[in-house]
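In: Take a look and give me a structure for this.
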Amino acid sequence: MASMWHMSGQRVTLLDGRTGILSGRADGTGNPLASFSGGPPEPVTRDDVAGPVVHLFAARRQAWDSIGACADVRDGDVLYVPAEDAAIVVHAMPGEQLRGMLLTGGTDRAASLNRAGGPLAGSLAAAYNGKYAPSVLAAGELLDRPDGAPARAREASLARQATSRPAGSPAATA
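Out: Here you go, the predicted structure:
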């Protein structure tokens, strides 16, 4: 199951410390192109990225199904489903396979336990000496929007990107 993890405008930090902006385009081998310090776009591999990678999906079921089935989805990554205002933080318990923790946006009381700033997110962020804190923060940035109105256009764009992909492969982004 292949994964496309780049989205136009997404900020990415590399292991060498450089921070760039993804163009939404890829080179001939499928690696996303990023611009650093206003320079020409350069290809970036998944292994060059420091911190969590954010993958984009059209539906929550598709995101859940990618855990363990898609080689691009790794421990600490965030699976973002803008159409459902949800993100899944991928984590691995010691000696076990990958799992996911659902985090949601909005103010729905029933979902408050799973809110990006809620108690479950806080426990995961603190677990394993803070290993998943950057992932929970990345999910929170995607979900924690005060109004939602400005984000709707971006979410529509993300949903279009998530559905304009080859059949059978999850759309994803970093």
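In: what sits opposite the residue most central in space within the chain in the beta ladder?
Out: By CA atoms, centre = their mean, the chain has its centre lying nearest to Val54, at 1.8 Å. Beta bridges link Val54 to Val78 when assigned by DSSP bridges.
In: Strands along the chain, start to end?
Out: Counting by DSSP state E, the chain has these strands, from start to end: 4-5, 11-13, 19-26, 32-36, 42-43, 54-56, 78-81, 86-92, 98-104, 171-172.
In: coming back round to it: ok, the residue nearest to the centre of the chain touching Pro82?
Out: No: counting by CB atoms under 8 Å, Val54 does not reach Pro82; the two are 10.8 Å apart. C-beta coordinates here come from the backbone N, C-alpha and C atoms, glycine included.
In: Overlap of the contact sets of the two?
Out: Leu142 (CB atoms under 8 Å, 6 or more residues apart in numbering).
In: quick one on the thing from earlier: between the strands of the chain, which one is nearest to Leu120?
Out: strand 98-104 (6.4 Å; CB to CB).
In: Met93 and Ile67, how far apart?
Out: Plainly put, Met93 is 13 Å away from Ile67 if you go by CB to CB, to the nearest Å.
In: which neighbours do the two share?
Out: Taking CB under 8 Å, 6+ apart as the contact rule, the neighbours common to Met93 and Ile67 are Arg99.
In: Tell me which of the two has more neighbours.
Out: Legend: neighbour count by other CB atoms under 10 Å for Met93 and Ile67, higher for Ile67 (18 against 10).
In: wait, what's in contact with the more buried one?
Out: 73, 79, 88, 90, 98-100.
In: what pLDDT does it get?
Out: Ile67 carries a pLDDT value of 90.
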